[in-house]
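1. Provided below are the primary sequence and the corresponding predicted coordinates.
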Amino acid sequence: MVSRAIERQVRAILIARARKGRPPLTYTDLCRQVSGAPSHRSLELYELLGEVSRQSYRKHRIFLTALVVGAGTGIPGPGFFTKMAFPILGVENVPNWRRFWEKERDRVYEFYAR
């Protein structure tokens, strides 16, 4: 289980990035910026990101972790969609994951631009 301090660091990094309109960062880059972060390929990290997004969705109706992407694909990993966003939204799948992600990423930027 990841500490609340690490969760707060992740949230703060992503909110700062959103407020500045900076491009998404990779899982690896996020882990490099967080003191005591789990491995960028660990289940622990994916669970942490899921919790951060569930909280941001409950509070603001946005998926804050849409700002974390895979280096090879440029979009979040499958868990973002199938384990977190789709269940929260009550959908089984969408035809175009990239388009879905772009919309959700843009909603994060719009929210923090206010």
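-> Happy to help now that I have it. Residues are numbered from 1 along each chain as shown.

2. counting contacts, what elements does whatever helix or strand residue 14 lives in pack onto?
-> Per DSSP states H and E, residue 14 falls inside helix 4-20. Where contact means 3 or more CB pairs under 8 Å, 6 or more residues apart in numbering; DSSP states H and E, helix 4-20 is packed against helix 27-33, helix 43-60, helix 97-113. Bear in mind the C-beta positions are built from the backbone N, C-alpha and C, glycine included.

3. and if we set it to 6 Å?
-> For helix 4-20, the elements it packs on are helix 97-113, judged by 3 or more CB pairs under 6 Å, 6 or more residues apart in numbering; DSSP states H and E.

4. Could you list the buried residues of the helix it packs on?
-> Using 16 or more other CB atoms under 10 Å as the test for burial, helix 97-113 gives 97, 100-101, 104-105, 108-109, 111-112.

5. I would like the residues contacting that helix, please.
-> 18-19, 21, 60, 62-64, 66, 75, 81, 94 (CB atoms under 6 Å, 6 or more residues apart in numbering).

6. any weak-confidence spans in the chain?
-> The model of the chain has pLDDT under 70 over residues 1.

7. that older thread, for the contacts of helix 97-113, work out which two are farthest apart.
-> 19 and 94 (27.6 Å; CB to CB).
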